[in-house]
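Colleague: structure for the following, please:
(chains A and B, ligands or ions: 2)
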Amino acid sequence: MTDTIKDPGFEASAALGDAQRRIRRRYAAERRFKFFGLAAILAAVGVLVVLLFTIVSSGYPAFFQTRIALDVDLRDPTLEQADPAKANYRKIFDDALAASLPGITDTKELRELRAMVTAAAPYLIRDRVVDDPSLIGREVRMELPASDRIDQLQKGEIDRNVAPDRRIVTDNQIAWYDRLDADGRISAPFNSGLFFNADSRFPELAGLWGAIVGSFYALMVCFFLSFPIGIAAAIYLEEFAPKNRWTDLIEVNINNLAAVPSIVFGLLGLAVYIQTFGLPRSAPLVGGMTLALMALPTIIIASRAALKSVPPSVREAALGVGASHQQAVLHHVLPLAMPGMLTGAIIGLAQALGETAPLLLIGMNAFITSAPEGITAPSTALPTQIYIWADSPERGFVSRTSAAIIVLLGFLVCMNAVAIYLRKRLEVRW
Amino acid sequence: MNLQESGRDAASADAGHTAAPAALADTRTVKIECRDVNVYYGEAHALKGVDLDIYENEVTAFIGPSGCGKSTFLRCLNRMNDTIDTCRVKGSINLDGVDVYNRAVDVVQLRAKVGMVFQKPNPFPKSIYDNIAYGPRIHGQARTKADLDEIVLTSLEKAGLLDEVHDRLDQPGTGLSSGQQQRLCIARAIAVSPEVILMDEPCSALDPIATARIEELIDELRGNYTIVIVTHNMQQAARVSQRTAFFHLGNLIEVDETEQVFTSPKNEHTQGYITGRYG
Ligand SMILES: Nc1ncnc2c1ncn2[C@@H]1O[C@H](COP(=O)(O)OP(=O)(O)OP(=O)(O)O)[C@@H](O)[C@H]1O
Ligand SMILES: [Mg+2]
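Modeller: Ligands and ions are numbered 1, 2, ... in the order given. Reported below is the predicted structural model:
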């Protein structure tokens, strides 16, 4: 009797224990799963933070440029209002230097002194005067960019205690720098030249303007080629093409095209656009056309996905009231797919903006000291400019390379922000 | 001759066996005449030799277990099946004596004449006004803005929706309740002045009150339109339709006056289905 009562009770409690154990195990598994996910995210964020930190910390000095204020005497008799470009600016510059640091006469010392200011200083003075001839006949204080070595000294990149033959600034230059500093002639304002100057051999003058304009032109060409072609192709493939072996083949090839290494597109651009069609080398036109080849698969794939995600009920509704297939697509499917298509296009363009290898092959890594005047003028682009600077020996280009990367990342972030904004704006939420 | 055919019971298809009461049939005209309609999805034979007449200004209900081909047949009538690549239709479907699958027939014109209401309410993501104005616009049925306004308002009126939405025609159609959305879809179908309206389970997503509202509407519309409705609800078929067609496994088993089908079905399958033995 007791047995029969006890037995089921025992079994029940055993079953209960079993169930509890199963529940506990399930909770543990859930916790583990969450932990792994969190760990993966943290690792990714950590790597990103380290990357950003190194780039920003090595790049931010380039956003400031040391300048030396000199009193430039423009009362020189060789200066004429009529033709301000024709004067001995080298002498004017030397005189201004001598006036700021009197008592230096030795030619070797004078050469050391001159090397403290950018080598282009006479031209900078000339440009100022040409821009504003009313300066002639006055003494003007000009803040000229210091040469790279003084810039490095000012930024504390050079150890004064190292033996003179092992550092790039001489003892004399350090002493003069301290004198100028004491006179209040040294300053380090924001380096607007980084954005508004074109490339230069001298890091203190080098800027990204040429690369930004070049990239802009190339992206415009890329957009106006790849967006209409990509969208038309996507609409045709998704909505109108018969489903047969040919369209399957095309689809597979488009998907494969998205995975082709970019340098191959560069070779194609070089062989077809430049060698066969004879388009100019280094031009944003060719760069844009090459990038368009790369962006096309991305845009087509994204656009097809956007078209596919439009609910079939919308199509049916349109057909049901007697819209033709084309009307149904144009009036109803396309507006709903547009945000996704635009997002795809902008992502494709953002990829194209950062693409380097194909541009190297078509010669957009040339050394060009002015911004391109049009899409056929030789030019660089942002990524190739980074490549050029990273390859340059001067100290100043180290931080400028990082600064250029920051600028490029900034543009990428902006483009993605625009993509998100457009998607939010255009999305039909009802 | 058609009249005889129409009464034919596909299951007991011996030629001499005709059941249509001649007196009744005389007063009605056949709107759609289907002969030996076969539909294939690739290799699958979805509809097998369907012969059916649909009469003008009547509600014809299609009933039958799931997958028996009701929607398939319905979608043949306005060639919505054209959008399915694998679908092939054989046989003849004559609307007012013209085969809708004839090459000369423009499918856009056909669908303007044979409107459709779907199972799930599917208003366009546009305003209520634009939902209804879209059809007349693309068919050029309104010359002026005033004409269009007129069409929109009368369509809403006929669909019994005007009172509920007259002050928010510029609001999104998707913002309505699903019963209202379905009536909006009916209004949209009416707006292009069709002659036939096909409805594929129009009430399956609606609550009983909205359903009753739509059934009433169907009854009112019957005077001006020929209506074909697919439904899984036996009571609904009994309430709204004058004729009922029972499909089973791709065959049209029985078609007759609704009363006849529901009170004394000739076929045992029909009997089993309407009494709920399977389905
Ligand atoms: N697009 C399609 N491709 C292939 N087969 C299909 C397609 N649509 C329907 N079928 C097949 O055709 C047959 C009939 O389908 P249909 O949709 O007409 O059934 P139904 O009677 O409307 O069913 P339900 O009551 O569930 O809506 C089914 O066997 C179905 O699997
Ligand atoms: Mg169905």
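
Colleague: from here on, contacts and neighbour counts on C-alpha atoms
Modeller: Fine.

Colleague: I'd like the distance between B:Ala104 and B:Thr263.
Modeller: To B:Thr263, B:Ala104 is 43 Å away according to C-alpha to C-alpha, to the nearest Å.

Colleague: quick check: buried residues in whichever strand or helix holds A:Gln327?
Modeller: For A:Gln327, the enclosing helix or strand under DSSP states H and E is helix A:325-327. Taking 16 or more other C-alpha atoms under 10 Å in any protein chain shown as the basis for neighbour counts, the residues of helix A:325-327 that come out buried are A:His325, A:Gln327.

Colleague: after it comes which helix or strand?
Modeller: Following helix A:325-327 in sequence order, the next helix or strand is helix A:334-354 (DSSP H and E).

Colleague: about what we covered before: quick check: mean pLDDT across the helix holding A:Gln327?
Modeller: Averaged across helix A:325-327, the pLDDT comes to 92.

Colleague: could you point out where chain B is predicted with low confidence?
Modeller: Counting by pLDDT under 70, chain B has low-confidence residues at B:1-26, B:278-279.

Colleague: which parts of it sit against chain A?
Modeller: Among all residues of chain B, those adjacent to chain A (criterion: C-alpha under 8 Å from any C-alpha of the partner chain) are B:80, B:85, B:107-112, B:115-118, B:122-126, B:135, B:138-139, B:172, B:174-175, B:188-189, B:192.

Colleague: swap in 7 Å and give it another go.
Modeller: Contact residues, chain B versus chain A (C-alpha under 7 Å from any C-alpha of the partner chain): B:108-109, B:111-112, B:115-116, B:122, B:124-125, B:135, B:138, B:172, B:174-175, B:189.

Colleague: kindly indicate the member of the residues you listed with the most neighbours.
Modeller: The residue in those with the most neighbours, by other C-alpha atoms under 10 Å in any protein chain shown, is B:Met116 (34 neighbours).

Colleague: nearest residue to it other than its sequence neighbours?
Modeller: B:Leu198 (4.6 Å; C-alpha to C-alpha, 6 or more residues apart in numbering or on different chains).

Colleague: the one you found against B:Phe118, yeah?
Modeller: No: B:Leu198 sits out of contact with B:Phe118 when judged by C-alpha atoms under 7 Å, with a separation of 8.3 Å.

Colleague: neighbour-wise, which of those two wins?
Modeller: A direct count of neighbours by other C-alpha under 10 Å for B:Leu198 and B:Phe118 places B:Leu198 higher, at 26 against 20.

Colleague: list the backbone torsions phi and psi for that one.
Modeller: phi -100, psi 130 (degrees, to the nearest 10).

Colleague: do the same with B:Lys90
Modeller: Main-chain torsions, B:Lys90, degrees, to the nearest 10: phi -120, psi 160.

Colleague: picking up where we left off before, how far does the helix holding A:Gln327 sit from the chain's center?
Modeller: If you compare the mean C-alpha spot of helix A:325-327 with that of the full chain, they lie 41 Å apart, counting by C-alpha atoms, centre = their mean, to the nearest Å.

Colleague: what do you get for stretch B:139-148?
Modeller: 27 Å.

Colleague: go through it and flag the buried ones.
Modeller: Along stretch B:139-148, these residues count as buried under the neighbour rule (16+ other C-alpha under 10 Å): B:Gln141, B:Ala142, B:Leu148.

Colleague: for the first one, helix, strand, or coil?
Modeller: The three-state label for B:Gln141, taken from DSSP: H, G, I helix; E, B strand; the rest coil, comes out as coil.

Colleague: name the nearest residue to it, ignoring sequence neighbours.
Modeller: If you skip the residues right next to it in sequence, B:Gln141 has B:Val192 as its closest partner in space, 7.6 Å away by C-alpha to C-alpha, 6+ apart.

Colleague: how about the residues of chain B that lie near ligand 1?
Modeller: Within chain B, the positions adjacent to ligand 1 are B:Tyr41, B:Ala46, B:Ser66, B:Gly67, B:Cys68, B:Gly69, B:Lys70, B:Ser71, B:Thr72, B:Ile84 by C-alpha under 6 Å from any ligand atom.

Colleague: between which two of those residues is the distance greatest?
Modeller: B:Ser66 and B:Ile84 (19.5 Å; C-alpha to C-alpha).

Colleague: so how far is chain B from the one residue in the stretch 201-350 of chain A that gets nearest to ligand 1?
Modeller: With distances taken as C-alpha to the nearest ligand atom, the stretch 201-350 of chain A approaches ligand 1 most closely at A:Pro312, which sits 12.2 Å away. Noted for A:Pro312: a distance of 10 Å to chain B, by C-alpha to the nearest C-alpha, to the nearest Å.

Colleague: what of A:Ala82?
Modeller: Distance, A:Ala82 to chain B, by C-alpha to the nearest C-alpha: 68 Å.

Colleague: can you tell me the helix or strand for that residue?
Modeller: No secondary structure element spans A:Ala82, as it lies outside all helices and strands (assigned by DSSP H and E).

Colleague: on the three-state scheme, A:Thr105 is what?
Modeller: Three-state assignment for A:Thr105 (three-state DSSP): coil.

Colleague: next up, the contacts around B:Asp51.
Modeller: Contacts here follow C-alpha atoms under 7 Å, 6 or more residues apart in numbering or on different chains; on that basis B:Asp51 touches B:Cys34, B:Arg35, B:Asp36, B:Val37.

Colleague: surely the first one and B:Asp96 touch.
Modeller: Read it as B:Cys34. No: using C-alpha under 7 Å, B:Cys34 is not in contact with B:Asp96, being 11.1 Å away.

Colleague: of those two, give the one with the bigger neighbour count.
Modeller: For B:Cys34 and B:Asp96, the more surrounded residue by other C-alpha under 10 Å is B:Cys34, and the numbers stand at 20 against 13.

Colleague: how about the more buried one: what's its closest non-neighbour residue?
Modeller: On the basis of C-alpha to C-alpha, 6+ apart, the spatially nearest residue to B:Cys34 that is not a chain neighbour turns out to be B:Ile93, at 4.4 Å.

Colleague: make sure that neighbour is indeed in a strand.
Modeller: Yes: using three-state DSSP, the secondary structure at B:Ile93 is a strand.

Colleague: count the neighbours of it for me.
Modeller: 25.

Colleague: roughly how far does it sit from B:Glu43?
Modeller: 22 Å.

Colleague: just A:Ser262 next, same as before
Modeller: 45 Å.

Colleague: following the host helix or strand of A:Ile150 in sequence, what is the next regular element?
Modeller: A:Ile150 belongs to helix A:148-154 when elements are defined using DSSP H and E. The first helix or strand that comes after helix A:148-154 along the chain, using DSSP H and E, is helix A:171-182.

Colleague: which residues are contacting that following helix?
Modeller: Residues external to helix A:171-182 that are found in contact with it (C-alpha under 7 Å, 6+ apart): A:Glu112, A:Leu113, A:Pro164, A:Ile186.

Colleague: could you redo the last one with a cut-off of 10 Å?
Modeller: Where contact means C-alpha atoms under 10 Å, 6 or more residues apart in numbering or on different chains, the residues beyond helix A:171-182 that reach it are A:68-70, A:100-101, A:109, A:112-116, A:149-150, A:153-154, A:160, A:163-165, A:170, A:183-187.

Colleague: tell me who's in contact with residue 207.
Modeller: Let's take chain A. Neighbouring residues of A:Gly207 by C-alpha under 10 Å, 6+ apart: A:191-200, A:369-370, A:385, A:400, A:404.

Colleague: actually chain B
Modeller: Contacts were defined as C-alpha under 10 Å, 6+ apart; by that measure B:Asp207 touches B:Ser178, B:Gly179.

Colleague: quick check: it vs ligand 1, distance?
Modeller: Noted for B:Asp207: a distance of 18 Å to ligand 1, by C-alpha to the nearest ligand atom, to the nearest Å.
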